[in-house]
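Colleague: I'll drop the sequence and a predicted model, then ask my questions.
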Amino acid sequence: MKPPNGRKIVLRFNSALQPVGDEAGLEKVRTRDKVYNECVKKETRNRLYHHCYDPKLSLEENIENRPDRITADHWRWFLDYRNSEETHEKCKKNAENRSKQLYNHTGRSKSLARLGEEESERQGRRVSRGELYLLTHKRANGSYVHDAARAIGERIEAIEQRDESSRLLSQNDSLAQTLEKEHPGRVRGMGLGPTSIQVFDMNSHQPSNNFEREETQRVLLELQAELAAEKLKRKAVEDEVAAEKTKRQAVEDEVAAEKTKRQAVEDEVTAGKVRMQPMESALICLLQGQGGKLPSDVAAWMSALEGQNRK
């Protein structure tokens, strides 16, 4: 599979060789416009016929009352096609086939294979056909799409609760017991591709291998979950240690800043003493130059200044 820009995309397949994953839906993006255009054309033809054709009028009268921008020849051909016996038989058959579709699902355009793969990855185990039926026949609020789906879903749940082995893919699993005989050429709950012979004959020849494979996958997923939990736990411990280191570094930075501040104060005091020495010396000389004996309190003060200067 190669998109227009030339970038290669790896397409995954499940055990039934059905494309799964988000990559499997890319092909639908390329055909979206084509399908949309076909739907628009079909709806337009249907609307024109029912709004512009009057069965009470003759063909010529209907041609005269044709829509604007449609030629008489084209409108005549269109009415001949819609009113032909072959077209009426096709419409009748399509309506009958549509009425037989009793079990509408909520899976939208996503295939059953992709839905089953995603749900299996989410639950960490392979989901059964019955579980996939419940998933695709319930609304977002958990209610069933209609009463028929509810009756089938409740029976599937009862069977799987009573017998765990009914979850394993087989001709007697929960979905098979509920809906009974499979249709020829396809397998319910698996989407396009797998046939009854491919799925059930392979399972009947290798029942133990399938069980062992399912069990191995389950154990592997459990180990992966435990490993992921252990990694998260280790990451939490590492984050806690890093936070403690950051906190300790902040305290050390605060202590260093306090030491720097104290040293700056001490340096300021020392600088002040240095600035006062010339002033003290000048004052002493001035007092001594006046002669006479200094008062006792002044002499004591002078002695104290000299002592501080020596320090």
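Modeller: Arrived safely, thanks for sending. Residues are numbered from 1 along each chain as shown.

Colleague: Any stretches of the stretch 51-200 of the chain with poor pLDDT?
Modeller: For the stretch 51-200 of the chain, applying pLDDT under 70 flags the ranges 102-103, 107.

Colleague: immediately after the helix or strand hosting residue 47, which helix or strand?
Modeller: Here residue 47 sits within helix 32-52, counting by DSSP states H and E. Counting by DSSP H and E, the next helix or strand C-terminal to helix 32-52 is helix 59-64.

Colleague: before we move on, the earlier item: mind listing residues that contact the helix holding residue 47?
Modeller: By CB atoms under 8 Å, 6 or more residues apart in numbering, the surrounding residues in contact with helix 32-52 are 62, 65, 66, 67, 78, 79, 82. Backbone N, C-alpha and C define where each C-beta goes, glycine included.

Colleague: Can you report how many residues neighbour the fifth one?
Modeller: What it means is residue 78. 17 (other CB atoms under 10 Å).

Colleague: wait, what's in contact with it?
Modeller: Here residue 78 is in contact with 45, 48, 49 (criterion: CB under 8 Å, 6+ apart).

Colleague: all strands in this structure, in order from the N-terminus.
Modeller: Using DSSP state E, the strands of the chain run over 12-13, 19-20.

Colleague: Quick one, which of the contacts of residue 78 are buried?
Modeller: The neighbour-count test (16 or more other CB atoms under 10 Å) applied to the contacts of residue 78 identifies residue 48 as buried.

Colleague: what would the contacts of residue 78 look like in CSV with pLDDT?
Modeller: Shown next, in CSV, are the contacts of residue 78 (pLDDT from 0 to 100):
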residue, pLDDT
45, 86
48, 88
49, 89
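
Colleague: Save the contacts of residue 78 as JSON lines, and put in distance to residue 152 too.
Modeller: Formatted as JSON lines, the contacts of residue 78 follow (distance: CB to CB, whole Å):
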{"residue": "45", "distance to residue 152": "37"}
{"residue": "48", "distance to residue 152": "40"}
{"residue": "49", "distance to residue 152": "38"}
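
Colleague: how far is the helix holding residue 47 from where the chain is centred?
Modeller: Averaged C-alpha coordinates place helix 32-52 at 35 Å from its chain's average position (CA atoms, centre = their mean, to the nearest Å).

Colleague: likewise stretch 183-200?
Modeller: That offset, for stretch 183-200, works out to 30 Å (CA atoms, centre = their mean).

Colleague: list the buried ones in the helix holding residue 47?
Modeller: By neighbour count on 16+ other CB under 10 Å, the buried set for helix 32-52 is residue 48.

Colleague: Over to stretch 92-101?
Modeller: Using 16+ other CB under 10 Å as the test for burial, stretch 92-101 gives no buried residues.

Colleague: before we move on, what about stretch 115-127?
Modeller: Quick answer for stretch 115-127 (16+ other CB under 10 Å): 115, 116, 117, 118, 119, 120, 125, 126, 127.

Colleague: Now for those residues: which two are most distant?
Modeller: For the buried residues of stretch 115-127, the farthest-apart pair by CB to CB is 115 and 125; their separation is 15.2 Å.

Colleague: Residue 168 contacts residue 128, doesn't it?
Modeller: Yes - judged on CB atoms under 8 Å, residue 168 makes contact with residue 128 at a distance of 7.2 Å.

Colleague: So the two - more neighbours on which side?
Modeller: Neighbour count, other CB under 10 Å: between residue 168 and residue 128, residue 128 has more, with 24 against 17.
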